[in-house]
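Undergrad: Just the structure for this:
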Amino acid sequence: MAKPIVIVSCLDTKGREVEYCKQIIEAAGVPTMVIDAGVFAPPLIEPDIPREEVCSAIGACWQAVQQGDKTHRIETIIAGITAIVCELQAKQQIGGLFSIGGGANTIIGTRIMQALPVGIPKLMVSTTSSGRRMFDPYVGTKDIMLMHSVADISGLNAITRTVLKNAAAAMVGMATLGAGQLELPKNTIATTMLGVTTDGVEGAAADLESHGFDVVRFHATGVGGRALEELAKSRVFAGILDLTLHEITCEWFGMGYSYGAPNRLLAAAEAGIPLVCAPGAVDVMDFDLAELPEGWKSRKHIYQHPTVLHLKLKAEEMVAIAKVMAERLNASRGPVKFLAPLRGFHQQSYPGGPLWDPEVDQAFLRELRSRLKPEIEWLDVDANINEPRFGQIAAKELREMLVQHRSCLEE
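TA: Got it, this is the predicted structure:
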């Protein structure tokens, strides 16, 4: 029998619409479990799990909770439903999570979805999943599907019936035909890339895959690095080939197109995962054209694409970033090797290229090397980071490190 699809919504405002979706899903042969997330009026339909039970899941009392303001009520409901859903997931009793609604419903639904592992279907039909809105608060690092409702989800009409029926059908399809909860093989290698390091990283990935490894590439634009760090905490990777550390630069500046992945390198360090890394794109900041900093024209720069500009860093900025990187690498409990690409850290930072500035690059490398603990190995590579040859060398170093690491663990 199919596992139930959990439907979460504020039944004091979305009761009729939830009932409609519930009927479509169940007509397809998939059971449902409706959880009330409403915080004001009584529910318009009977839920499987009422708000009183939601509150008691975290030791709270609805009578007391409803005395608080709206924010307190919503946060309590989120915590309670999250506890229930995570317990269902731990018992493998959830086929997916489905939610519909406006602003508050979207915050509630997606916050709960973010607590579930990758692979479990998650679909949010929302009035706020379009327009001038960023998706990071809704999606985070998880595989959450957002569907724009087109019309407000307030009553059933030609538009809402069409959108909700398609959404419910998509949920049934994911729950019955999808891959299910993610399970990474033991030979999984994580790596990071940007467009400006792609060729080098793909050279590494091809080498590793030819030796039987499963390589997962993370796009280091402020979300990919964060996703890698979260997964690394669970020690699901055999090794990490972190060739694109650009997000550390954005973190140091506190801004940029790829800002949003704090504490890069620390999860691997804490977990003791074998790590080979390189300074991919640490020598540039990336900015949307509408957010360019003052004085940007005085720096070497390129248009990465029509809306994003890459600006070359100054030597003193690179030195400061090297200090941050050294501190994090020195915290590692596992083996670490740093590869220094002597012909540039960026696709356009090759000798004679528009971002080439060897004095800036060398200032970074000197500072970093002087601060690394002796246990961290260092290898100079006479190549640009975006050359496939660089990636192949990095992959070989990681493969050898993994063999040695396994030998140490077996002794």
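
Undergrad: Pull out the buried positions in the host helix or strand of Met174.
TA: For Met174, the host element (DSSP states H and E) is helix 158-177. Across helix 158-177, burial judged by 16 or more other Cβ atoms under 10 Å covers Thr160, Val163, Leu164, Ala167, Ala168, Ala170, Met171, Val172, Met174, Ala175, Thr176. C-beta coordinates here come from the backbone N, C-alpha and C atoms, glycine included.

Undergrad: what's the answer for stretch 387-400, then?
TA: For stretch 387-400, burial by neighbour count (16+ other Cβ under 10 Å) applies to Glu387, Pro388, Phe390, Gly391, Gln392, Ile393, Ala394, Ala395, Glu397, Leu398, Arg399.

Undergrad: Correct me if wrong: the fourth one contacts Met193.
TA: What it means is Gly391. No. Counting by Cβ atoms under 8 Å, Gly391 sits too far from Met193 to count as a contact (9.7 Å).

Undergrad: any shared contact partners between those two?
TA: Val201, Glu202, Leu243 (Cβ atoms under 8 Å, 6 or more residues apart in numbering).

Undergrad: And the residue nearest the centre of the chain, how far from His219?
TA: Nearest to the geometric centre of the chain sits Thr141, at 2.8 Å (Cα atoms, centre = their mean). Thr141 is 12 Å from His219, where distance means Cβ to Cβ, to the nearest Å.

Undergrad: Could you export the buried residues of stretch 387-400 to CSV, including columns for distance to Ile248 and secondary structure?
TA: What follows is the buried residues of stretch 387-400, written out as CSV (distance: Cβ to Cβ, whole Å; DSSP: H, G, I helix; E, B strand; the rest coil):
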residue, distance to Ile248, secondary structure
Glu387, 22, coil
Pro388, 24, helix
Phe390, 19, helix
Gly391, 20, helix
Gln392, 24, helix
Ile393, 22, helix
Ala394, 18, helix
Ala395, 22, helix
Glu397, 21, helix
Leu398, 20, helix
Arg399, 25, helix
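
Undergrad: What is the nearest of those residues to Gln89?
TA: Closest to Gln89 out of those is Leu398 (32.7 Å), distances taken as Cβ to Cβ.

Undergrad: In three-state terms, how would the closest residue to the closest one other than its chain neighbours be classified?
TA: Once flanking residues are discounted, Leu398 sits nearest to Val276: 4.4 Å by Cβ to Cβ, 6 or more residues apart in numbering. Three-state call for Val276 (DSSP: H, G, I helix; E, B strand; the rest coil): strand.

Undergrad: doesn't Leu339 make contact with Val276?
TA: Yes. Here Val276 lies in contact with Leu339, judged by Cβ under 8 Å, at a distance of 6.6 Å.

Undergrad: So for the two, which sits in the more crowded spot?
TA: Set side by side, Val276 and Leu339 show more neighbours around Val276, with 29 against 24, by other Cβ atoms under 10 Å.

Undergrad: separation between that one and Gly109?
TA: Taken as Cβ to Cβ, the span from Val276 to Gly109 is 39 Å.

Undergrad: Equivalent analysis for Thr197, please.
TA: Remark: distance between Thr197 and Gly109 (Cβ to Cβ) = 36 Å.

Undergrad: and this structure, what are its domains?
TA: Taking automatic domain parsing as the reference, the chain has its domains at 5-177, 188-410.

Undergrad: Widest-spaced pair of the buried residues of helix 158-177?
TA: The span of the buried residues of helix 158-177, defined through Cβ to Cβ, is set by Thr160 and Thr176 at 24.1 Å.

Undergrad: tell me, how many neighbours does Glu270 end up with?
TA: For Glu270, the neighbour count with other Cβ under 10 Å is 17.
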